[in-house]
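**Student:** Sequence first, then the predicted structure:
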Amino acid sequence: MTDPGTSRLPRDDAKQQQLDAVRIGDDGARMTTDQGIGVEHTDDSLAAGERGPTLLEDFHFREKLTRFDHERIPERVVHARGAGAYGYFEAYESLADVTRAHFLGEDGRRTPVFVRFSTVGGSRGSADTVRDVRGFAVKFYTEEGNFDLVGNNMPVFFIQDGIKFPDFVHAVKPEPHNEIPQASSAHNTLWDFVSLVPESMHMMMWLMSDRALPRSYRMMQGFGVHTFRFVDAAGQGTFVKFHWRPKLGTHSLVWDETQKIAGKDPDFNRRDLWESIENGTFPEWELGVQLVPESDEHAFDFDLLDATKIIPEERVPVRPVGRLVLNRNPGNFFAETEQVAFCVQNVVPGIDFTNDPLLQARLFSYLDTQLIRLGGPNFAQLPVNRPVAAVHNNSRDGYGQHRIQQSQTSYFPNSISGGCPVLSDPAHGGYVHYAERVDGNTIRKRSESFKDFYSQATLFWNSMSSWERRHIVDAFSFELGKVDYTQIKERVLGHLAQVDHELAAGVAENLGLPVPPESTPNHGRSSPALSQADQPSGVATRRIAVLAADGVDEVALRSATAALREQGAILEVLAPHGGMLATVSGDALPVDRTLVTMSSVLYDAVFVAPGERGVTALTHNGEAVHYVGEAYKHAKPIGAVGAGVSLLEIASLPGARVADQGDAVVSDRGIVTVRDLAGPSVLGDFGSAFATAVAAHRHFDRALEAVAA
Ligand code: HDD
């Protein structure tokens, strides 16, 4: 591990250069007060006599406690828990045909970024792996000012109009009378709200799907959600939807696993992001855009301004336009990740808004929330928020002003300061709002074009593979199973029946409630791009637990796992004790972790190391036997060679075919085994078969229901 925050970026990154000016280390420094006065003693307060009262004049004591008393700022009202990192965005080509945005203007142009991922409902200290939407907020420090793309890992939202946001958030947050439950949507008030607000049904399908349980921030998509507008140099607009696609594919955990991880490692997703950057395996996404000419505004059977709708990718393909790479961890969580302030209204010339009523509300809310959260109007001067573009205007005062603006005038127009700062014309980065024609009566009414609440929920359901559907039914059943009011469950079942009758029937059966009558026939359309089955995947950065004990055959172990190592997997030897393992050849094998400290849920796959004596010890170790059973339950790849196969037999995995004899590699639904290691190439064959199983992520074609875990 390198020191946190160690620079990995080239020195020509304008944002990092700016930050370097305020980065401070304490190496070799002497302790002082905030006023720079040397502190020679910090363990005892100044008192009148050895057992006497503390004296008010002890300025160091008072300053130390005062600073401590004021350490906390309000957590974000939503998205309180998160993790962030720096990196860059690199454009693939010029998009000047549709937008005048400078950062998208040239092949290879790089823009520094800060990205923050988050859960939505939980408090700052809540677990990472709860069922929830994930925030995906990107601050581009462009030469024309900051552009904040404040998105989520799901392409739609719960509500259509931002005026409903406080209602929705109050419903999903812990209930107001007892502040229970933390970071969970499985409770009365959320489902009461959902049952009464059917526009939420499409998003609820996403929330009940595996998308709400990402394996890693590095393995989830991101979406700008709203329809935004690109504007070219001539002022011509084009509707645009933003998509982030992870290089490692979109992959999820399973529900039982997420609940266990929440206890075993509440920082699971944060840690994963941090470690992958520290290890130099930089997370990467591709930015894509769906473009719709203004002339096609009404060409769809939904409204482009409705944030509960997607534009199916089969209808409007996603055009790749650049890549995002995260390559530097923050050096100070509070200063950077906590104080970063994303504002949806931060756009650069060439990017504009639409009349989406959810977006319009956000244009107000983010600035407003930063004012209270960060204590005043100068939050954009905080190092992480500062644009790399020059800032000049006539705003001067307010809490926390860090700049010393020198001019005599702070108004426009002026003649005393030569009129400065003068206005920026478009040739000098001046932002010109898109000249949209607006005409209408003042009205409080949802547009009729927003009123189809179910078609796209059905589209989502139809696009799922059989195991994804099973998970959705299970999720609805779990969540509604936590609801105390039958009428709420029945109302939700009524909505589900409009999405798909089989879905409603499955959930009703699990809840022990009458199956609602079939109301709307399923339209039968699907969008294959929505499924997580058949995602691109790979072995790189996958974490493999290698179960071993004294008596391990480390030579065979190395050959069997060579392919995984070559492809960039992270292998950790787990054993009943720490330190070193005695191997069959008389050498010593270092143990990375003990079995009791690391559960199977913290790994992507399990490999049982060969060696008669070692495996015998493992078969008598309840932790090791449970490891294999639990990995099986969670559909994870499991590999074993030689004597290691007997641990799989002891764990009795229902329906799992394992090698009984000979040197043929058996690969059955992600369980890869070979008994006889005599043949020269058998370990190589095993290695590549196991790597293929690991690359597939999970194997849901197993008989999982009967397995206790
Ligand atoms: Fe929001 C934070 C994403 C609707 C009001 N939102 C916040 C963050 C993300 C999103 C990623 C965390 C930013 C960070 O890491 O600091 N929000 C979304 C998306 C939405 C959405 C994708 C729908 C398309 N949000 C939304 C609405 C409102 C808000 C409709 C209010 C009308 N959101 C906020 C907020 C937050 C916030 C209260 C809390 C902390 C913050 O802004 O900085 O203003």
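**Tutor:** Okay, I see it.
**Student:** Quick check: chain neighbours aside, which residue is closest to whichever residue of the chain sits closest to the ligand?
**Tutor:** Closest approach between the chain and the ligand, counting by C-beta to the nearest ligand atom: Gly135, at 2.7 Å. Any C-beta I mention is one placed from the backbone N, CA and C, and that applies to glycine too. Distances taken as C-beta to C-beta, 6 or more residues apart in numbering put Ser118 closest to Gly135, at 3.7 Å, once the chain neighbours are dropped.
**Student:** which parts of the protein sit against the ligand?
**Tutor:** 76-79, 82, 116, 118, 135, 137, 150-152, 157, 162, 165, 225-226, 307, 340, 342, 358, 361-362, 365-366, 369 (C-beta under 6 Å from any ligand atom).
**Student:** residues touching the closest residue to Arg698 other than its chain neighbours, list them.
**Tutor:** Excluding the flanking residues, the one nearest Arg698 by C-beta to C-beta, 6+ apart is Ala635, at 4.1 Å. Ala635 makes contacts with Val254, Gly670, Arg698, His699, Phe700, Arg702, Leu704, as judged by C-beta atoms under 8 Å, 6 or more residues apart in numbering.
**Student:** tell me which residues in stretch 61-74 are buried?
**Tutor:** Phe61, Lys64 (16 or more other C-beta atoms under 10 Å).
**Student:** Now do that stretch: everything it contacts.
**Tutor:** The contact list for stretch 61-74 (C-beta under 8 Å, 6+ apart) reads Thr33, Asp34, Thr42, Ser45, Leu46, Thr54, Leu56, Glu338, Ile372, Arg373, Leu374, Gly375.
**Student:** Dump those residues to JSON lines, plus pLDDT.
**Tutor:** Shown next, in JSON lines, are the contacts of stretch 61-74 (pLDDT from 0 to 100):
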{"residue": "Thr33", "pLDDT": "97"}
{"residue": "Asp34", "pLDDT": "97"}
{"residue": "Thr42", "pLDDT": "97"}
{"residue": "Ser45", "pLDDT": "97"}
{"residue": "Leu46", "pLDDT": "98"}
{"residue": "Thr54", "pLDDT": "97"}
{"residue": "Leu56", "pLDDT": "97"}
{"residue": "Glu338", "pLDDT": "98"}
{"residue": "Ile372", "pLDDT": "97"}
{"residue": "Arg373", "pLDDT": "97"}
{"residue": "Leu374", "pLDDT": "98"}
{"residue": "Gly375", "pLDDT": "95"}
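**Student:** In helices only, show me those.
**Tutor:** With helices taken from DSSP state H, the overlap with these comprises Ile372, Arg373.
**Student:** Tell me which two of the contacts of stretch 61-74 sit farthest apart.
**Tutor:** Within these, Leu46 and Ile372 form the most distant pair, 36.8 Å apart (C-beta to C-beta).
**Student:** okay, these two: which has more neighbours?
**Tutor:** Leu46 (15 against 11; other C-beta atoms under 10 Å).
**Student:** Could you double-check that that one sits in contact with Asp58?
**Tutor:** Yes: using C-beta atoms under 8 Å, Leu46 makes contact with Asp58 at a distance of 3.7 Å.
**Student:** in the stretch 51-200 of the chain, which spans are strands?
**Tutor:** With DSSP state E, counting those that start in this stretch as the criterion, the stretch 51-200 of the chain has strands at 82-91, 110-119, 134-142, 145-152.
**Student:** nope, the stretch 601-709 of the chain is what I was after
**Tutor:** Using DSSP E, counting those that start in this stretch, strands in the stretch 601-709 of the chain cover 605-608, 638-641, 666-668, 671-674.
**Student:** Turn those into a markdown table, columns for mean pLDDT and mean neighbour count.
**Tutor:** Output for the strands of the stretch 601-709 of the chain, formatted as a markdown table (pLDDT from 0 to 100; neighbours: other C-beta atoms under 10 Å):
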| stretch | mean pLDDT | mean neighbour count |
| --- | --- | --- |
| strand 605-608 | 98 | 28 |
| strand 638-641 | 98 | 30 |
| strand 666-668 | 96 | 18 |
| strand 671-674 | 97 | 28 |
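**Student:** who wins for proximity to Ile277 among the strands of the stretch 51-200 of the chain?
**Tutor:** Comparing the strands of the stretch 51-200 of the chain by C-beta to C-beta, strand 82-91 comes nearest, at 5.8 Å.
**Student:** Report the inter-axis angle for that closest one versus strand 145-152.
**Tutor:** Counting by axes from the mean of the first three to the mean of the last three C-alpha atoms, to 10 degrees, strand 82-91 points 120 degrees away from the direction of strand 145-152.
**Student:** Who does strand 82-91 pair with, and is each partner parallel or antiparallel?
**Tutor:** When pairing is defined by DSSP bridges, strand 82-91 lines up against strand 110-119 (antiparallel), strand 319-328 (antiparallel).
**Student:** Check those for me and report the most buried one.
**Tutor:** Ranked by mean neighbour count, the strands paired with strand 82-91 are led by strand 110-119 with a mean of 24 (mean count of other C-beta atoms under 10 Å).
**Student:** That one vs strand 134-142, what angle?
**Tutor:** 160 degrees.
**Student:** so what are the domain limits for this protein?
**Tutor:** As assigned by automatic domain parsing, the chain contains the domains 12-421, 455-530, 543-708.
**Student:** one step back: for the residue of the chain closest to the ligand, which residues make a bridge with it?
**Tutor:** Beta bridges link Gly135 to Ser118, Asn152 when assigned by DSSP bridges.
**Student:** Next up, the contacts around it.
**Tutor:** Gly135 neighbours (C-beta under 8 Å, 6+ apart): His79, Gly82, Arg116, Phe117, Ser118, Thr119, Val120, Val150, Gly151, Asn152, Asn153.
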